[in-house]
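Engineer: Here's my sequence, what's the structure:
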Amino acid sequence: MPLALVVKFDQLVEVLVTTIIFVVIGLVVFAIAFFALDKLTPFSIRKEIEEDHNTALAIVIGSLILGIALIVSAAISG
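Structural biologist: Predicted coordinates:
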């Protein structure tokens with residue numbers, strides 16, 4: 001059995017707690033960024049995508065979400 005797969009339970013709990021804390025921090029930062037994006041646009045993003053089926057805006061918003069997620073991920077991992 002490779003040694004890399006053997007993890008003590010107390011170390012596992014510590015890693016899980018740290019991971020959960022960083023996930024919560026990342027989600028909060030992501031939610032704040034998305035809320036700011038929604039407030040900075042002069043139109044309703046939800047209305048444009050859901051009711052008017054604006055595909056171009058959906059692609060732009062999806063790209064922005066991926067960019068924010070990459071930044072948050074890089075900031076958390078160091």
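Engineer: those helices in this protein, which residues are they?
Structural biologist: Using DSSP state H, the helices found in the chain span residues 9-40, 45-46, 55-77.
Engineer: can you pull the buried residues of the longest one?
Structural biologist: Buried residues in helix 9-40, counting neighbours by 16 or more other CB atoms under 10 Å, are found at 26, 29-30, 33. The way it works is simple: take the backbone N, C-alpha and C, and place the C-beta from them, glycine included.
Engineer: residue contacts, the residue sitting nearest the centre point of the chain?
Structural biologist: What sits nearest the mean C-alpha location of the chain, by CA atoms, centre = their mean, is A69, with 4.2 Å. By CB atoms under 8 Å, 6 or more residues apart in numbering, the residues touching A69 are F30.
Engineer: quick one: N54 and K47 touch, right?
Structural biologist: No. With contacts counted by CB atoms under 8 Å, N54 stays clear of K47, the gap being 9.1 Å.
Engineer: Who has more neighbours out of the two?
Structural biologist: Under the criterion of other CB atoms under 10 Å, the comparison of N54 against K47 puts N54 first, with 16 against 10.
Engineer: What separation is there between the more buried one and I61?
Structural biologist: 9 Å (CB to CB, to the nearest Å).
Engineer: what does I49 give?
Structural biologist: From I49 to I61 the distance is 7 Å (CB to CB).
Engineer: Look at those two and report which has more neighbours.
Structural biologist: I61 (18 against 15).
Engineer: Now do the same contact list for that one.
Structural biologist: The contact partners of I61, by CB under 8 Å, 6+ apart, come to 37, 45, 49.
Engineer: Out of those residues, the closest to Q11 would be?
Structural biologist: L37 (38.5 Å; CB to CB).
Engineer: For the closest residue to the closest one other than its chain neighbours, grab the count of nearby residues.
Structural biologist: For L37, ignoring the flanking residues on the chain, the nearest one in space by CB to CB, 6 or more residues apart in numbering is L64 at 6.4 Å. Look at L64: counted by other CB under 10 Å, it has 13 neighbours.
Engineer: Fine by me, thanks again.
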